[in-house]
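Only the shape, not the letters, is given here:
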């Protein structure tokens, strides 16, 4: 029977894939859309709500400004989508904003973008899952007490699905994504149709009044409120760049398929966002940041949550909160919001892999797991997102304040880098100069608009939590620089010399002995087989009686190498051995000392607690000594044989040929 951990891994992750099957995991456009675009598509479920929440600070009168704010968000989303189509075509290798900024603005700008994107991806997981749980609680308010448990549980499920591989996770997430698109489009069509027929739907909160936190806003205060509302609505743009990072995952022609997928994503997102915003105003949804500011709210405003905007619209359009279509909409919304985190689960590991290849992150993040997914990046993302959920109590409103600053930092630097890219292309191009100028204009407009929004977001959200992102991005930048310096220094130290290093003058072999038994005999025999210049055994005297017994056995058996006793009045083992080795090195600096350590190899995990602790500490200390080699000489106990027998399976024909399964070479 396989070990329990191995069985569990296969159950969760599945059987491993061969490296040469990587091409079979490439994605068609219909599957790439839910994988890479679920975040921007799902953002429409709460982008309108974020606009209204900020406008409610001034009271219901300011809800009339929501169409203009929504129009601004829709225009910006369109410009960014068109701009990133240029990125996909110019840089199809999958580096996205990081590659564009690094190549055109320098490595420092590239690292700033990388830090911003990593923050964005982490926040995508936290905000998407938290928002999805909010919608579940809107349908089943009794689950409010289990908010954090639900959030972390969904993150674990997403992690497990993505560890199974990008294609398999895409198949699992495709149906909920398309169900959400169909549900929202049906909601918009039915809602607008009823309005045109003269039977406009009315939300359950239409009769509520909102007690304004600020009264009589005019001038700069009004502008600031509008800018803050616009900044919150820009959450609809999160995840737009994910397709540019995932171009290598598309089927050929990769760049063309990625560009078409991005166009489909942008068109769908704009239509759904515009429709939900229009219906929110038609149904007269009234919502406030503080539930107790809602006059007429039924329930306990201190503990009972407000229903989300999209759930109120669904109940109004579909005829109540007990209809089948309402529950379908809520289920689809909750699923897409939770699965929107899948955009980050695909974008973050890819970006981390590229950064690890460039030596800015640990190399472990560059390797693929059993299912050809970047498993280490997936696990790291899950852990950090789970910590954020726990720290912020799973509150979407609190988490979302940290969200879009990183997004627009990467947007701005990427578009600025693309402008420089087109300038270089224009300087050398002899044909197609008109197309290059058009592309440069698109990216220049994108850079200008996203830079303006970045300033707006920074000013309006700084005191509401965005300052944490302002701290996090430079911290990640400094961390990546430090990692890169470490790898650079290591590479320089390990660079081979022009000539081979001179052989050591002599090799001194030392065998550590505590008891004369089979493992120590094997270690002595192995040391003698290497033919060192000198060979001796040493033991540390921590108990006089044991040491005398060892001497007696040594002489009785006529061991052919000398046994040296190192005194240890304080019963230490590691320090006296290390000091003895140092003295040998000090007397002959060009000599090499090779220390042979006999070790038990056990078959059960709990047996490790009972053996090998002193040898592990000693090896860990000797590894830091220059000119000292450490050799482990293993002795396998019977438990290892039994463990191997449990894992051996008979092959077809073994019994017929008389081949036993106990010893198969």
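All right, it came through fine. Quantities reported herein were computed from a predicted structural model and do not represent experimental measurements.

can you tell me the helix or strand for the residue positioned nearest the centre of the chain?
Geometric centre of the chain, nearest residue: residue 381, 2.6 Å, by CA atoms, centre = their mean. Under the criterion of DSSP states H and E, residue 381 resides in helix 375-391.

Can you name every helix or strand that that helix contacts?
helix 107-139, helix 147-163, helix 341-357 (3 or more CB pairs under 8 Å, 6 or more residues apart in numbering; DSSP states H and E). C-beta: built from backbone N, CA, C; applies to glycine.

Output those in JSON lines; the columns should cover distance to residue 495.
Putting the helices and strands packed on helix 375-391 into JSON lines (distance: least, CB to CB, whole Å) gives the following:
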{"stretch": "helix 107-139", "distance to residue 495": "22"}
{"stretch": "helix 147-163", "distance to residue 495": "37"}
{"stretch": "helix 341-357", "distance to residue 495": "20"}
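
Out of these, which is closest to residue 625?
Of all the helices and strands packed on helix 375-391, it is helix 341-357 that lies closest to residue 625, at 30.7 Å by CB to CB.

list the buried ones in that closest one?
For helix 341-357, a neighbour-count test (16 or more other CB atoms under 10 Å) marks 341-356 as buried.

Identify, from those residues, the entry nearest to residue 244.
Using CB to CB, residue 347 comes nearest to residue 244 of the buried residues of helix 341-357, at 9.5 Å.

Find the nearest non-adjacent residue to that closest one, please.
residue 242 (4.5 Å; CB to CB, 6 or more residues apart in numbering).

give me the number of residues near the one you found?
Using other CB atoms under 10 Å, residue 242 has 30 neighbouring residues.

swap in residue 438?
A total of 12 residues lie near residue 438 under the criterion other CB under 10 Å.

Identify the residues contacting residue 172.
By CB atoms under 8 Å, 6 or more residues apart in numbering, the residues touching residue 172 are residue 161.

in what helix or strand does it lie?
Using DSSP H and E, residue 172 sits within helix 166-196.

Mind listing residues that contact the helix or strand where residue 553 lies?
Using DSSP H and E, residue 553 sits in helix 544-557. With CB under 8 Å, 6+ apart as the test, helix 544-557 has contacts from 513-516, 539, 541, 563, 565.

now, which of the residues you listed sits nearest residue 277?
Checking those against residue 277 by CB to CB gives residue 514 as the nearest, at 76.8 Å.

pLDDT below threshold where in the stretch 351-500 of the chain?
Filtered on pLDDT under 70, the stretch 351-500 of the chain yields the residue ranges 369-373, 397, 400-403, 497-500.

ranges for the helices of it?
Assigned by DSSP state H, counting those that start in this stretch, the stretch 351-500 of the chain shows helices spanning 375-391, 396-400, 404-428, 433-461, 466-493.

Next up, the contacts around the closest residue in space to residue 398 that isn't next to it in sequence.
Distances taken as CB to CB, 6+ apart place residue 392 nearest to residue 398, at 4.8 Å, with adjacent residues excluded. Taking CB under 8 Å, 6+ apart, we find residue 392 in contact with 126, 130, 398-399.

can you put these in TSV and add distance to residue 601?
What follows is the contacts of residue 392, written out as TSV (distance: CB to CB, whole Å):
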residue	distance to residue 601
126	44
130	48
398	52
399	49
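
what's the most distant pair in those?
The most widely separated members of the contacts of residue 392, counting by CB to CB, are 126 and 398 (10.1 Å).

okay, now residue 201: neighbour count?
By other CB under 10 Å, 23 other residues sit near residue 201.

Out of the helices and strands packed on helix 375-391, which gets nearest to residue 285?
Here helix 107-139 is closest among those (CB to CB), at 12.8 Å.

Pull the distance from that closest one to the chain's centre.
Centroid separation for helix 107-139 versus its chain: 10 Å, with CA atoms, centre = their mean, to the nearest Å.

next one: stretch 230-244
The answer for stretch 230-244 is 18 Å, by CA atoms, centre = their mean.

which parts of stretch 82-94 are buried?
Buried positions in stretch 82-94, judged by neighbour count with 16+ other CB under 10 Å: 82-88, 90-92, 94.

Turn these into CSV, including distance to residue 72.
Shown next, in CSV, are those (distance: CB to CB, whole Å):
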residue, distance to residue 72
82, 16
83, 16
84, 19
85, 21
86, 22
87, 23
88, 25
90, 27
91, 28
92, 31
94, 31
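
Surely residue 569 is in a strand?
No: counting by DSSP: H, G, I helix; E, B strand; the rest coil, residue 569 falls outside a strand, being coil.

how far away is it from residue 542?
Separation of residue 569 from residue 542 (CB to CB, to the nearest Å): 9 Å.

Between those two, point out the one with more neighbours.
Using other CB under 10 Å as the criterion, residue 569 and residue 542 rank with residue 542 on top: 17 against 8.

Surely the more buried one and residue 573 touch.
Yes: if you go by CB atoms under 8 Å, residue 542 and residue 573 touch, sitting 6.7 Å apart.

what about the helices in the stretch 501-650 of the chain?
Taking DSSP H, counting those that start in this stretch as the test, the helices found in the stretch 501-650 of the chain are 518-529, 544-557, 574-587, 613-622, 638-647.

Which one of those helices lies nearest to residue 195?
Residue 195 sits nearest to helix 638-647 of all the helices of the stretch 501-650 of the chain, at 67.5 Å, using CB to CB.
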